[in-house]
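Engineer: Show me the folded form of this:
(one chain, ligands or ions: 1)
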Amino acid sequence: MINLKKPNEVSREKKQSISKLTPIPSENKATNKYMAWLQWEENSCRYDSFLTVFSLGLYGKFHEFDKTRADKRHKNHKAYLALCNIAKKLEEINSPAKRRHFVNEFSDYLYELKIDENRRGEMGCAQELLTLLLPLFHLQPFIEEEIRCDFCGFKEERRIRWPLPLKVHQFGSLQFNSIQKYFDWFVGSRSPDLCEVCFQKELRVVLKQTQIPNLIIVECINAGKMTISKQNKFEFNSTIISKSFQAEFELVATINQPCPYHFNCSILKPRNFDFQEKGESRFEWFLHDDIENEGSLVAFNNISELWDQNPIILFYARS
Ligand SMILES: [Zn+2]
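Structural biologist: Numbering: from 1, shown residues only. Sure thing, here's the model as predicted:
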């Protein structure tokens, strides 16, 4: 279940000992700039963006990420618990240097566990870190699909898990010119597809029965094309709607790839953030880039600023 409390209500319940992110004093020109969070060090951006999203945007905000909900049978279970512990630490401590130390430690730990193939300091992809979320089976409920070929009559039923992440590709095609359209196709009738029996493009995959997860993670496979929206006229959506499941999902966080070898992230109403109490409730979205703005979080109003950052991993929560 999604935490029904608003983020600012949750933060009010927090003990006073937990440091809060506060705006940089007014002598600084950028009033929408908040206290330094985490600064870049040797290709750390994929860790910095993933952990910032997890710590401030997901963990403690949505019950889906509670550590008790991770399944012990999954090989990444231990790593998931470590992820939860570091998310809590990052939020509680008040020093960017200490945060840097914990993130580095975590990166070394994942390399030891062989979850990350790249050593700290080496380049890698933020997308790989999503495997840390795989012990959350409730985000991957079973789907029953019926596969039918209209040409040769081949028919099969199969049971698979809801994909984490749901991978969106084929940006060039008109059929999938938005995340919403891709989603409609996925939960509707995926056709025509290639039949493996008669090799005709007459195969239809119909999603028969499924529970829809409360939190949907979408990955945009950009196949080397760096700016998805501009180059491919692709439309990102801040909400996705499922008519068949009578559900609406709101975008709550993204990991972005603003240029080929860099990642940053955006969060809607970051956890434990007292911006609303400072009379700045007009800001809802925050960008963290470990290279820009001295590693501070920067508030922004217009959602198009987010699309310009080229989101590649999008987190949608059921509203
Ligand atoms: Zn066939």
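Engineer: What residue in the stretch 201-319 of the chain comes nearest to the ion?
Structural biologist: The ion sits closest to Glu202 of the stretch 201-319 of the chain, with a gap of 5.8 Å, by C-beta to the ion. In short, each C-beta sits where N, CA and C put it, glycine included.
Engineer: Could you tell me which residues make contact with that residue?
Structural biologist: Residues in contact with Glu202 (C-beta atoms under 8 Å, 6 or more residues apart in numbering) are Cys149, Asp150, Phe151, Cys152, Pro192, Cys195.
Engineer: Let's see the PyMOL selection covering just the buried ones among those.
Structural biologist: In PyMOL, a selection of the buried entries from the contacts of Glu202 looks like this (16 or more other C-beta atoms under 10 Å):
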select buried, resi 149+195
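Engineer: from the contacts of Glu202, which are also near the ion?
Structural biologist: Among the contacts of Glu202, the ones lying close to the ion by the criterion of C-beta under 5 Å from the ion are Cys149, Phe151, Cys152, Cys195.
Engineer: Could you find the closest non-adjacent residue to the second one?
Structural biologist: Just to be clear, that refers to Phe151. Leaving aside its chain neighbours, Phe151 sits nearest to Glu202 (3.8 Å; criterion: C-beta to C-beta, 6 or more residues apart in numbering).
Engineer: List just the nearest of the ones next to the ion among the contacts of Glu202 to Trp40.
Structural biologist: Ranked by distance to Trp40 (C-beta to C-beta), the ones next to the ion among the contacts of Glu202 are led by Cys195 at 48.9 Å.
Engineer: bridging residues for the residue in the stretch 1-150 of the chain that the ion sits nearest to?
Structural biologist: Residue of the stretch 1-150 of the chain nearest the ion, by C-beta to the ion: Cys149 (3.1 Å). Using DSSP bridges, the bridge partners assigned to Cys149 are Leu203.
Engineer: The ion contacts on the stretch 101-250 of the chain?
Structural biologist: Close to the ion, as judged by C-beta under 5 Å from the ion, the stretch 101-250 of the chain has residues Cys149, Phe151, Cys152, Phe154, Cys195, Val197, Cys198.
Engineer: for the residues you listed, which one is nearest Met35?
Structural biologist: Ranked by distance to Met35 (C-beta to C-beta), those are led by Cys195 at 57.1 Å.
Engineer: does Glu219 really touch Val168, like I thought?
Structural biologist: Yes: with contact defined as C-beta atoms under 8 Å, Glu219 counts as touching Val168 (6.9 Å).
Engineer: Compare these two and say which is more crowded by neighbours.
Structural biologist: Of the pair Glu219 and Val168, Val168 is the one with more neighbours under other C-beta atoms under 10 Å, namely 23 against 20.
Engineer: For that one, report the pLDDT, please.
Structural biologist: Per-residue confidence (pLDDT) for Val168: 89.
Engineer: Apart from its neighbours in sequence, what residue is nearest Phe245?
Structural biologist: Take Phe245 and drop its neighbours on the chain: the residue closest to it by C-beta to C-beta, 6+ apart is Ile212, 4.6 Å away.
Engineer: How many neighbouring residues does the one you found have?
Structural biologist: Residues contacting Ile212 under the criterion other C-beta under 10 Å number 16.
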